[in-house]
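> What would the 3D arrangement of this be:
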Amino acid sequence: MSRPILAYALASLLLAGPSAALAQANKPAPAPQQKPPAKPAAAPAAPAISPNHLALAREVMLGSGIARSFDSIIPAFAEQIRKQAVTRPELQKDLEEVLASLEPEMELQKQRMISTAAGIYAKQLNEAELQEIANFFRSPAGKRYVQTQPQVLDDMVAAMQTWTQDVSEYVMVRVRAEMGKRGHQLQ
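Numbers count the residues shown, from 1 in each chain. Model prediction:
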């Protein structure tokens, strides 16, 4: 798997949340009631995130290398647009100029996502935890860890493809054997 695709997939996984429809589908149906349901107690307000807390979250997000995932997404959008315009070669020059002129705006969009991701980190980790993590990413080992991640992820994806195939075959052989012991033949 190429790094841009892997980065896009990683970003999708990191940024995707459960859909409302899935959450709704997994909810049990409410029992019929005679009286209106009581209002639920208000959840306590989340503690305010200090500027330092948010700055540490941003540092961790950037230091971890996750922001690199966003680097390939916008160019991928531009490439999709170029491919769609391939049937209109007379647009090529203007399209390239427009895409180039939009780069500063797209950088702002990327920074907006980085800020959103930092806010997510800040909600999940307290300042002390973020400080420890930031210290790790500042260390030589942390920097080396981040530096090796693209190749590690590429290698893991390749290894998982092989592993998935091997385990799939192994499970099928084992299921057939066990079902055979019970008098069932599976194809």
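> Which secondary structure element of this protein has the lowest mean pLDDT?
Among the helical and strand segments of the chain, the one scoring lowest on mean pLDDT, DSSP states H and E is helix 20-25, with a mean of 32.
> Please work out which residues outside the helix or strand following it touch it.
Per DSSP states H and E, the first helix or strand lying C-terminal to helix 20-25 is helix 51-63. With contact meaning C-beta atoms under 8 Å, 6 or more residues apart in numbering, helix 51-63 is reached by 49, 67, 114-115, 117-122, 125-127, 130-131, 133-134, 137-138, 142, 146. In short, each C-beta sits where N, CA and C put it, glycine included.
> swap the cut-off to 7 Å and go again
With C-beta atoms under 7 Å, 6 or more residues apart in numbering as the test, helix 51-63 has contacts from 67, 114, 117-119, 121-122, 127, 130-131, 133-134, 137-138, 146.
> just checking, what packs against whichever helix or strand comes after that helix?
Later in the chain than helix 51-63, the nearest helix or strand by DSSP H and E is helix 67-71. Under the contact definition 3 or more C-beta pairs under 7 Å, 6 or more residues apart in numbering; DSSP states H and E, helix 67-71 sits against helix 3-15, helix 92-124.
> Can I have the buried ones of the contacts of helix 51-63 as a ChimeraX selection?
Of the contacts of helix 51-63, the buried ones can be selected in ChimeraX as follows, counting by 16 or more other C-beta atoms under 10 Å:
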select :67,114,117,118,119,121,122,127,130,131,133,134,137,146
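> that older thread, and residue 174, which of the helices and strands packed on helix 67-71 is closest to it?
helix 3-15 (30.0 Å; C-beta to C-beta).
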